[in-house]
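Student: Pasted the sequence and its predicted model underneath.
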Amino acid sequence: MVFPRAAAAGSRSREAGVNSERAALEALWQAVCAIPRGRVSTYGAVARAAGLPGRARQAGYALKVAPRSLNLPWHRVVAAGGRIAFAAGSAAHREQARRLRAEGVTVRGGRVVHSAMTELDEL
DNA sequence: TGTATGACCCTGA
DNA sequence: CTCAGGGCCATAC
């Protein structure tokens, strides 16, 4: 899978550091792509799968800046414990729950039932 | 050059 | 269950 050029933030990729960030983003996007339909994973697990252990935050950032054109299954990524990361009641929160249910995932009280969670890691 | 802010996570109280 | 505190780190200002 090859990703389009500039992500939201770094249009100018001159420095090595910036390029490394690009690589991290692509690795994260790749990991998200790997989550099969009807299954759910977490930010932390996605980060680990992308070779960035402990950087759950960047996983969230990666989704935030991901170009729409990638059509990433962002809704299959939730916070630890199956919690939907968006504020309860927010449009995004409802949208994610809607998309998950559309794939047969049970969402209750803002969190996906444990059985629907992929036993993390093994992406 | 610093400080503040997150689609986060974990442990402990 | 909630809260606090520490870790993480790219961006924004």
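Tutor: Great, that's in hand.
Student: Strands along chain A, start to end?
Tutor: Listed in chain order, the strands of chain A (DSSP state E) span A:41-42, A:77-78, A:107-108, A:111-112.
Student: Could you check how far A:Lys64 is from DNA strand B?
Tutor: Separation of A:Lys64 from DNA strand B (Cβ to the nearest atom of the strand, to the nearest Å): 4 Å. C-beta: built from backbone N, CA, C; applies to glycine.
Student: just to revisit the earlier point, can I get the strands of chain A in JSON lines with distance to A:Gln30, mean pLDDT and mean neighbour count?
Tutor: Output for those, formatted as JSON lines (distance: least, Cβ to Cβ, whole Å; pLDDT from 0 to 100; neighbours: other Cβ atoms under 10 Å):
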{"stretch": "strand A:41-42", "distance to A:Gln30": "13", "mean pLDDT": "96", "mean neighbour count": "24"}
{"stretch": "strand A:77-78", "distance to A:Gln30": "13", "mean pLDDT": "97", "mean neighbour count": "24"}
{"stretch": "strand A:107-108", "distance to A:Gln30": "25", "mean pLDDT": "96", "mean neighbour count": "14"}
{"stretch": "strand A:111-112", "distance to A:Gln30": "22", "mean pLDDT": "94", "mean neighbour count": "20"}
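Student: low-confidence ranges in chain A?
Tutor: Judged by pLDDT under 70, chain A has its weakly predicted residues at A:4-16, A:119-123.
Student: ok, now with 50
Tutor: A:6-14 (pLDDT under 50).
Student: top helix in it by residue count?
Tutor: Using DSSP state H to define each element, chain A has its longest helix at helix A:16-33.
Student: close to DNA strand C, is that one?
Tutor: Yes: using Cβ under 7 Å from any atom of the strand, helix A:16-33 reaches DNA strand C at A:Val18, A:Glu21, A:Ala24.
Student: Could you tell me which of the residues you listed count as buried?
Tutor: Neighbour counting by 16 or more other Cβ atoms under 10 Å classes A:Glu21, A:Ala24 among those as buried.
Student: could I get the residues of helix A:16-33 next to DNA strand C as a markdown table with distance to A:Tyr61?
Tutor: Converted to a markdown table, those look like this (distance: Cβ to Cβ, whole Å):
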| residue | distance to A:Tyr61 |
| --- | --- |
| A:Val18 | 15 |
| A:Glu21 | 10 |
| A:Ala24 | 10 |
